[in-house]
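Sequence and predicted structure below; questions after.
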Amino acid sequence: MTLAILLSGQGGQHPGMFNLTADRPEAQAIFDAAKPLLGGRDPRDVARTGGDELHANRTGQILCCVAALAAWNALGCARPARAIVAGYSIGDLAAWGVAGRFEPDVVLTLAARRAEAMDAATGQGFGLAGIRGLRLDVLDTLAARHGCYLAIRNAPDSGVVGGRRNALDALCSEASGSGAQRAVILPVQTPSHTPLLSAATDAFRDILAAAKQVRPPAGAPRLISGLDGGAVFRAEEGLEKLAIQISRTIDWSACLEACGEYGADRVLELGPGHALATMARLALPEARVHALEEFRSIPGVVDWLSSG
């Protein structure tokens, strides 16, 4: 078996996002490591409380990384010998933890610092919109007409656009009128992966340079850059991509292609929601694909990974 591990980005946080991992002893260290970054609150309690804070940029980025790392720890006994890991947006940072390049506490601290840099670069009134059903070249032109930017390439007819919220509202209306099957504002408050966050890239580059790296253990998943789908062999190049993806269009479709080229016959999304699993089913029709939240228990995930 060859497993592709996909780590969710922001937008799918919900009160039950830790239901499968909350009581797993293997995940406890991850929850504990997040508490100081959340004002002493347990991330499980933050999630259960729900409300607007779940989608606040800093809290959301921390929680997404907690979800990915807690799930990965909980699946320790079922980790396959051959695996690849790629993360979507903030999931790109969590992937460095799953690949054994950063310790979990470093990942979570970096998530907080990343969000702080992004918030400082833009302020209020920005966001992202998801558009499906228009060719990307058409979407790119439409975004420019509204003063927005193509942020993520998901598929040939699916992308994410970033900009000011009022401009995104107008863009979604025009996209729907132009035949888009879906055009919605996403529950994200930052224009991630657009030039509006160039200052955040500069700040995060310096933060990453000071972060302590560790040597990946034997058998760790192969790390794929969430920027362009390229394998990360040299840490310096990988860290630079991790910094510039904050303000540059990311090509998630290339990440899914990389999973196919690596021979992934199973795909598992770790994190809140199932958006990445949905995209993987379309891009990798021969693979068996699930999101963690589609299971009822961690033992159920283990059985699936262990089955022929």
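Sure, I can see it.

Leaving out sequence neighbours, find the closest residue to Gln124.
Distances taken as CB to CB, 6 or more residues apart in numbering place Gln189 nearest to Gln124, at 7.8 Å, with adjacent residues excluded. C-beta coordinates here come from the backbone N, C-alpha and C atoms, glycine included.

which SS class is that neighbour?
Following DSSP: H, G, I helix; E, B strand; the rest coil, we place Gln189 in the coil state.

same thing with the one 4 residues further on?
Under three-state DSSP, the three-state class of His193 is coil.

What is the burial count for it?
Using other CB atoms under 10 Å, His193 has 27 neighbouring residues.

I figured it hits Ser89, correct?
Yes. Between His193 and Ser89 there is a contact at 7.1 Å, judged by CB atoms under 8 Å.

Common neighbours of those two, please.
Where contact means CB atoms under 8 Å, 6 or more residues apart in numbering, the residues bridging His193 and Ser89 through contact with each are 152, 245, 250.

hang on, isn't the last one packed against Asn154?
What that stands for is Ile250. No. With contact taken as CB under 8 Å, Ile250 and Asn154 are classed as non-touching, separated by 9.5 Å.

Do a quick rundown of the strands in this protein.
Chain-ordered strands for the chain, with DSSP state E as the definition, fall at 3-7, 83-87, 126-132, 149-155, 158-164, 182-185, 222-224, 250-251, 266-270, 288-291.

Export those as CSV, with columns for distance to Ala277 and mean pLDDT.
Formatted as CSV, the strands of the chain follow (distance: least, CB to CB, whole Å; pLDDT from 0 to 100):
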stretch, distance to Ala277, mean pLDDT
strand 3-7, 7, 98
strand 83-87, 13, 97
strand 126-132, 16, 97
strand 149-155, 13, 98
strand 158-164, 15, 98
strand 182-185, 17, 96
strand 222-224, 17, 98
strand 250-251, 18, 98
strand 266-270, 4, 98
strand 288-291, 4, 98
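
Can you lay out the ones you listed as JSON lines showing distance to Gly40 and mean neighbour count?
As requested, the strands of the chain are arranged in JSON lines below (distance: least, CB to CB, whole Å; neighbours: other CB atoms under 10 Å):
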{"stretch": "strand 3-7", "distance to Gly40": "26", "mean neighbour count": "29"}
{"stretch": "strand 83-87", "distance to Gly40": "27", "mean neighbour count": "27"}
{"stretch": "strand 126-132", "distance to Gly40": "29", "mean neighbour count": "24"}
{"stretch": "strand 149-155", "distance to Gly40": "33", "mean neighbour count": "21"}
{"stretch": "strand 158-164", "distance to Gly40": "32", "mean neighbour count": "25"}
{"stretch": "strand 182-185", "distance to Gly40": "32", "mean neighbour count": "17"}
{"stretch": "strand 222-224", "distance to Gly40": "32", "mean neighbour count": "23"}
{"stretch": "strand 250-251", "distance to Gly40": "33", "mean neighbour count": "24"}
{"stretch": "strand 266-270", "distance to Gly40": "26", "mean neighbour count": "26"}
{"stretch": "strand 288-291", "distance to Gly40": "30", "mean neighbour count": "20"}
